[in-house]
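Chemist: Turn this into a structure:
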Amino acid sequence: MVMFRIDRRSGVATYLQIVHQVEQALRMGVLREGDQLPTAAQVAAATKVNPNTTLKAYRALESAGLAEVRQGAGTFVTRSLVRADGAPGSPLRDGLDRWLGKASAAGLSGPEVRALFEQAYAAAYPEEGRG
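Modeler: Predicted coordinates for the structure are as follows:
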């Protein structure tokens, strides 16, 4: 089951943080088609987020075709976002795993690795930074 982490200082709307975390879990294969998402009450208890915020996120996922709300049963994943070239065991994923291992062995902390990745990402995808 996916566990949501909400960063209230990020400047990103809470419901969008939930949407992005579900999308990331779908890309990583943590969530698969047919999996049930936590209930709004479960998310509220774990994150101190209003249940309506979670419901708004789930409606956004449903609009995107990634989830289906089944009345009385819950919210279920309807499709995966796993790409074969980024799945565990693929050459791209294996290369990333090796790079992360090297970064860790070199003594870089998680925040340092994230900052390095974000710099490289911004250079590789400059159009993503435009808004």
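Chemist: Run through the neighbouring helices and strands of the host helix or strand of residue 112.
Modeler: Secondary structure from DSSP states H and E places residue 112 in helix 110-124. Under the contact definition 3 or more C-beta pairs under 8 Å, 6 or more residues apart in numbering; DSSP states H and E, helix 110-124 sits against helix 91-105. For glycine as for every other residue, the C-beta is placed from the backbone atoms N, C-alpha and C.
Chemist: tell me which strands and helices the helix it packs on is in contact with?
Modeler: helix 110-124.
Chemist: all strands for this protein, in order.
Modeler: 67-70, 74-77 (DSSP state E).
Chemist: pLDDT weak spots in this structure?
Modeler: 83-90, 128-131 (pLDDT under 70).
Chemist: Give me the domain ranges for it.
Modeler: Following automatic domain parsing, the chain resolves into domains at 14-77, 84-129.
Chemist: Just say which of those domains is most tucked in.
Modeler: domain 14-77 (a mean of 17; mean count of other C-beta atoms under 10 Å).
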